[in-house]
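> just need the structure, nothing else, for what follows:
(one chain, ligands or ions: 2)
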Amino acid sequence: MKGVVVKSTGSWYHVRTDEGKFVECKLKGQFRIHGIKTTNPVAVGDRVHFDFDEKTGGVITQIDERKNYIIRKSINLSKQAHIIASNIDQLVIVSSIVKPRTTPGFIDRLLVTAEAYHIPAIILFNKIDLCEAEKANDRLHELLDLYNGLGYQSFPISALYQTGLEQVVDLLKDKTSLLSGHSGVGKSALLNAVDPNLRLKTGAVSEYNEKGKHTTTFAEMHPLSFGGFVIDTPGIKEFGLVHFEKQEVHERFPEFRALMHQCRFGNCTHVHEPGCAVLKALENGEISATRYRNYLSILNDENLDAERITN
Ligand code: GDP
Ligand code: ZN
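Residues are numbered from 1 along each chain as shown. Ligands and ions are numbered 1, 2, ... in the order given. I've put the predicted structure just below:
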């Protein structure tokens, strides 16, 4: 039998069969994945083959090759990585202008991650019902213009007032989307609004249990009733990038990528070099000052050398 892993608790894997049934599976023997050492051999999003028997339940025997995957480096900087999810068609960034305020710095870090994995990214600005004040409304339109202009589809929505949700349904339909955004921006509320069958818990979610201990949360894949899947990553604050070098950062900014071949020096970092096409575009206002600032911030990120990006 075949299916896709929708949830994993470490030793058990919840698999959704192609017929829409759910089976709890264990792993058969040892699985090894080429190239990277991972703490989890099977991840949410993996397409697996399994045997089923009434007594023992499901046993995963094979994993199909992954189209892509997003990893998180272990906190202790060991060489072990944790695969958050695999076979992702698109990254959906959920943000809000107010309550809470998502900074372009946060959005740009996620976009850079998506670019590095070659995963298309979409940005949703939720809670537009709270953007009536002139300042918030200006900010909303500024960011919509900026990101749409860069080629990232961006939409203003309100999960609460069900504004713009038809577009969200169109975007999610028949795709596997990784949902990302700060806690409190309305990811659960949005999913419930587009698919009321999901009944996800909303409101301030504590990342600590009663004893004050940090609880480990796992990615979970939700099948959508209109087709497609959404992967939610509660509590996961950072996506790691393997083999991500400083010299690569500019390639992850499409507007820099378009200009970098016009710089005088082939190894231009676009920071101080004469004849830099990016700096010239920044001066002319063709490149956003905010984007450039975030480029510098990512470039100067000390963690980059430790091969990780923190958002
Ligand atoms: P999550 O942590 O990203 O999953 O956020 P939740 O879905 O739990 O939402 C956090 C809070 O924001 C909840 O109290 C929601 O009711 C509220 N919320 C979600 N969407 C909207 C919206 O479009 N407008 C307003 N005003 N509040 C919203
Ligand atoms: Zn340059």
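> where in the stretch 151-300 of the chain is pLDDT low?
Counting by pLDDT under 70, the stretch 151-300 of the chain has low-confidence residues at 204-217, 235-244.
> what residues does it have near ligand 1?
158-160, 181, 183-189, 202-203, 205 (CB under 6 Å from any ligand atom). Backbone N, C-alpha and C define where each C-beta goes, glycine included.
> by neighbour count, which of the residues you listed wins?
Among those, residue 159 has the most neighbours (other CB atoms under 10 Å), with 27 neighbours.
> strands of the stretch 151-300 of the chain, start to end?
Ranges of strands in the stretch 151-300 of the chain, per DSSP state E, counting those that start in this stretch, are 154-156, 176-180, 220-223, 229-232, 238-240.
> for residue 144, find the nearest of the ones you listed.
Among the strands of the stretch 151-300 of the chain, strand 154-156 comes nearest to residue 144, with 5.1 Å by CB to CB.
> pull up the pairing partners for that closest one, direction included.
Neighbouring strands of strand 154-156 in its sheet, by DSSP bridges, are strand 121-126 (parallel).
> list of residues touching the partner strand?
90-97, 107, 110-111, 114-115, 140, 143-144, 147, 152-159, 168, 171, 185-186, 189-190 (CB atoms under 8 Å, 6 or more residues apart in numbering).
> what's near enough to touch the residue in the stretch 51-200 of the chain that ligand 2 sits nearest to?
Of all residues in the stretch 51-200 of the chain, residue 112 sits closest to ligand 2, at 17.4 Å by CB to the ion. Residue 112 sits next to 249, 252-253, 298, 309 when contact means CB under 8 Å, 6+ apart.
> before we move on, the earlier item: in JSON lines: the strands of the stretch 151-300 of the chain, plus distance to residue 267 and mean neighbour count.
Putting these into JSON lines (distance: least, CB to CB, whole Å; neighbours: other CB atoms under 10 Å) gives the following:
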{"stretch": "strand 154-156", "distance to residue 267": "33", "mean neighbour count": "20"}
{"stretch": "strand 176-180", "distance to residue 267": "32", "mean neighbour count": "25"}
{"stretch": "strand 220-223", "distance to residue 267": "41", "mean neighbour count": "18"}
{"stretch": "strand 229-232", "distance to residue 267": "37", "mean neighbour count": "23"}
{"stretch": "strand 238-240", "distance to residue 267": "26", "mean neighbour count": "21"}
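> and those: which comes nearest residue 39?
Among the strands of the stretch 151-300 of the chain, strand 238-240 sits nearest to residue 39 (CB to CB), with 12.0 Å.
> follow-up on the earlier one: in CSV: the strands of the stretch 151-300 of the chain, plus distance to residue 269.
Shown next, in CSV, are those (distance: least, CB to CB, whole Å):
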stretch, distance to residue 269
strand 154-156, 28
strand 176-180, 28
strand 220-223, 39
strand 229-232, 35
strand 238-240, 23
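> can you lay out those strands as JSON lines showing distance to ligand 2?
What follows is the strands of the stretch 151-300 of the chain, written out as JSON lines (distance: least, CB to the ion, whole Å):
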{"stretch": "strand 154-156", "distance to ligand 2": "27"}
{"stretch": "strand 176-180", "distance to ligand 2": "30"}
{"stretch": "strand 220-223", "distance to ligand 2": "41"}
{"stretch": "strand 229-232", "distance to ligand 2": "36"}
{"stretch": "strand 238-240", "distance to ligand 2": "27"}
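> phi and psi next, for the residue in the stretch 51-200 of the chain positioned nearest to ligand 1.
Nearest residue of the stretch 51-200 of the chain to ligand 1: residue 186, at 3.0 Å (CB to the nearest ligand atom). Dihedral pair for residue 186: phi 110, psi 30, per degrees, to the nearest 10.
> check contacts around it.
Applying CB under 8 Å, 6+ apart, one finds that residue 186 lies in contact with 94, 96, 126-127, 159-160, 202.
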